[in-house]
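[1] Coordinates only, no sequence provided:
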């Protein structure tokens, strides 16, 4: 099933797909203030969350973490979690799933009566508007740039690991394609992984890049987009 052209309305706000390839799906979530996603897990996929604008609290079964602008969390498969918007105007979040599978969802608890129910059906979808973001892979030797949710974003092809050195420590980086590997071809970072600039720099100085790498970079632009 393709979600490329539609917004999915949720009781806590809405979400829509902003990028996809054969390995990952990247979604934009808007969670209204004091509203929350279900306490849920994904048994078959890993998930990364990046807070773009506002603030939120991501809770697990025994603790919680406050997220502010350009903070990230990686959530392993099977880990129950719920995210609540806590700022005026709600929270704007990127969620990346690898592998992409919206049906991979188990709800343990829900404030809106959706406990144990599957992902929303077609009756919750409406067409996207022109304001909705869509991210594409760049052509060879080109960089695609976007301004969204007070952030500057780029997608670029990485052909030499030195391109990953000395990135801004406060920026967020997502591997959309490829990643980092050992000389024995063990994956250290793979599609869907979310790293900060400091971690990206340290890993790239030791490990090799894979044959095809597309990197999404996210930094603050302090504007109003």
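    Now that the structure is in, tell me what you want to look at. Computed from a prediction, not measured in an experiment: that's the story for all the values here.
[2] going forward, measure contacts and count neighbours with C-alpha atoms only.
    Will do.
[3] Low-confidence regions, this protein specifically.
    1, 222-225 (pLDDT under 70).
[4] Looks to me like residue 199 is in a strand.
    No - counting by DSSP: H, G, I helix; E, B strand; the rest coil, residue 199 is not found in a strand; it is helix.
[5] neighbours of it, just the number please.
    14 (other C-alpha atoms under 10 Å).
[6] can you check residue 126 too?
    Residue 126: 12 neighbours (other C-alpha under 10 Å).
[7] part of a helix, is it?
    No - applying three-state DSSP, one finds residue 126 to be strand, outside a helix.
[8] Could you verify my assumption that it touches residue 6?
    Yes - between residue 126 and residue 6 there is a contact under C-alpha atoms under 8 Å: 5.4 Å.
[9] any idea how far residue 211 lies from residue 174?
    Using C-alpha to C-alpha, to the nearest Å, residue 211 is found at 16 Å from residue 174.
[10] who's more crowded, these two?
    residue 174 (25 against 12).
[11] Show me what the helix or strand encompassing residue 47 is packed up against.
    Using DSSP states H and E, the element containing residue 47 is strand 46-53. The contact analysis (3 or more C-alpha pairs under 8 Å, 6 or more residues apart in numbering; DSSP states H and E) places strand 46-53 against strand 72-75, strand 91-98.
[12] angle of it against strand 91-98?
    160 degrees (axes from the mean of the first three to the mean of the last three C-alpha atoms, to 10 degrees).
[13] quick one, helices of the chain?
    197-204 (DSSP state H).
[14] right, so the helices and strands packed on strand 46-53: which one is the most enclosed?
    Here the criterion is mean neighbour count by mean count of other C-alpha atoms under 10 Å, and of the helices and strands packed on strand 46-53 the winner is strand 91-98, at a mean of 24.
[15] Name the strands paired with it and say parallel or antiparallel.
    strand 25-31 (antiparallel), strand 46-53 (antiparallel) (DSSP bridges).
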